[in-house]
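Asker: sharing a sequence plus its predicted fold:
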Amino acid sequence: MMEINWVILGWLIDMTLNGFVWLVIAVIFLSLIDLTDTWTRKALKLMDKFDRCIRKFVDNSFEWIQKKNLKILSSFILLIIFGVLAQLGIIPKLIS
C-alpha cells in the first residue's frame, strides 16, 4: 500500500488555489483596464472637442481685435492667456 506524501499533496493544493486566485485577480484587473481605457478614450474625445472650441474662440477673438485695432485689449488678453499657460506649466515646458 502506498503512503500519501502530505508535503507534495499540500504543495499541489497550494499551487491550484494560488493559480485560481491569480486567475480571478487577472480577470478583475483586465475588466478594470478595459473600462478605464473606454473612459480614457471618451475623455480624450471631449478634450479634443473643447480644444477645437477654445482655439476657434481665441482665433476669432484675435481677428476681431485686429479688425477693431484694439491694442490695449489685445495686450490684456495676451497677458491673461500667457498667465494661465504659465500657471499650468505649459510655457516652461515649451521653453525647455
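Answerer: Done, it's in. Only a predicted model underlies this, so the values are computations on that prediction, with no experimental measurement involved. Numbering: from 1, shown residues only.
Asker: now the helices for the chain?
Answerer: 6-68, 71-88, 90-95 (DSSP state H).
Asker: got CSV for those helices, with mean pLDDT too?
Answerer: Listed next are these as CSV, based on pLDDT from 0 to 100:
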stretch, mean pLDDT
helix 6-68, 85
helix 71-88, 80
helix 90-95, 66
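Asker: centre-most residue in this structure?
Answerer: By C-alpha atoms, centre = their mean, the chain has its centre lying nearest to T40, at 5.8 Å.
Asker: quick one: it and D34, what's the gap?
Answerer: 11 Å (C-beta to C-beta, to the nearest Å). Backbone N, C-alpha and C define where each C-beta goes, glycine included.
Asker: which neighbours do these two have in common?
Answerer: Residues touching both T40 and D34 (C-beta atoms under 8 Å, 6 or more residues apart in numbering): none.
Asker: residues near L70, how many?
Answerer: 13 (other C-beta atoms under 10 Å).
Asker: distance check, L30 against D37.
Answerer: Distance from L30 to D37, counting by C-beta to C-beta: 10 Å.
Asker: for C53, that is, sorry about that
Answerer: Distance from C53 to D37, by C-beta to C-beta: 25 Å.
Asker: what of V58?
Answerer: 31 Å.
Asker: same check, this time on S31
Answerer: From S31 across to D37, the span is 11 Å (C-beta to C-beta).
Asker: please apply the same query to Q66.
Answerer: 43 Å.
Asker: and stretch 54-71, how far out from the chain's middle?
Answerer: 31 Å (C-alpha atoms, centre = their mean, to the nearest Å).
Asker: quick check: buried residues in that stretch?
Answerer: I65 (16 or more other C-beta atoms under 10 Å).
Asker: who's in contact with it?
Answerer: Residues outside stretch 54-71 that contact it (C-beta under 8 Å, 6+ apart) are 73-74, 77, 81.
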